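Colleague: Sequence below, structure please.
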Amino acid sequence: MKAVPKVNIDGLYLEDELVDDTFTGVVPFYSPVLPISNGPEHLDTVINISNASTGDELVDREPAGYIVGIPVPPGLFHPRFDLEAWREYEDSILAAEAAYQEAMRAWNSTPEEERGNRPVLNIPPMPALWIEGLTPEEIERITAPQPQAPSELDWLGTELVARELEMLEIRRQNETLGAQVVGLELRLLSLEGSPSEGGETYV
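Modeller: Numbers count the residues shown, from 1 in each chain. Here you go, the predicted structure:
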């Protein structure tokens with residue numbers, strides 16, 4: 001068993017699907033039929049669906065997507081399988097096979113002494129079928145750097161810096177107040193040491 005990509009009807013990748021190792025190509029898958037009540041009023045519907053599951057009506061069901069036997073290349077954000085390119089590639093293979101068969105018929109009908117080289121089946125190379133499913137704008141939004149929530153260590157560092165700044169501010173205020181107190185004390189001392197105006201000193 002191997003895992004192969006499963007896509008919706010637009011080719012956008014959905015999930016991986018386990019298939020046999022020999023699986024190749026692209027095949028559709030269908031949504032499961034909704035369960036029908038067993039009541040007598042739904043008997044005709046049950047019969048019709050049962051017949052359709054084994055008759056030609058099953059072919060008319062729209063596929064829900066495709067199972068793709070071609071690996072997804074790396075580097076795609078949301079892989080999309082180019083279903084139209086795949087159909088064109090299949091048509092080119094059929095055309096190459098038809099041309100080969102026609103060349104073989106002509107070669108076989110030619111007398112052996114007049115034959116040239118045996119025709120060769122030239123299968124066209126497979127194009128790049130997996131493409132990016134997102135627009136450049138969507139990719140830009142996905143890859144844009146996202147703001148990260150600060151960690152507990154960052155928060156503690158911020159708090160520590162804030163506390164240090166608060167302490168520096170308190171220290172500056174204390175120094176200012178201390179200078180003012182010293183100035184007042186010096187002024188008082190100068191006032192106490194100076195004699196009164198017009199006063200006399202007695203021995």
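
Colleague: Just checking, which helix or strand of this structure averages the lowest pLDDT?
Modeller: Taking mean pLDDT, DSSP states H and E as the measure, the chain has helix 43-54 as its least confident helix or strand, at a mean of 47.

Colleague: Give the buried residues for the next helix or strand after that one.
Modeller: Moving toward the C-terminus from helix 43-54, the next helix or strand (DSSP states H and E) is strand 65-68. Residues of strand 65-68 classed as buried: Gly65, Tyr66, Ile67, Val68 (neighbour count, 16 or more other Cβ atoms under 10 Å). The C-beta positions use only the backbone N, C-alpha and C, and glycine is treated the same way.

Colleague: And for stretch 115-129?
Modeller: Using 16+ other Cβ under 10 Å as the test for burial, stretch 115-129 gives Pro119, Leu129.

Colleague: Centre of the chain to that stretch, how far?
Modeller: Mean-position distance between stretch 115-129 and its chain equals 38 Å (Cα atoms, centre = their mean, to the nearest Å).

Colleague: who's in contact with the residue nearest the centre of the chain?
Modeller: Centroid-nearest residue in the chain, with Cα atoms, centre = their mean: Phe77, separated by 4.4 Å. Contacts for Phe77 (Cβ atoms under 8 Å, 6 or more residues apart in numbering) come out as Glu132, Gly133, Leu134, Glu138, Ile139, Ile142.

Colleague: I'd like the distance from it to Val4, if you could.
Modeller: Using Cβ to Cβ, to the nearest Å, we find Phe77 at a distance of 20 Å from Val4.

Colleague: where does Asp154 land on pLDDT?
Modeller: We have a pLDDT of 77 for Asp154.

Colleague: what do you get for Arg172?
Modeller: pLDDT at Arg172 comes out at 85.

Colleague: go on, Glu114?
Modeller: 89.
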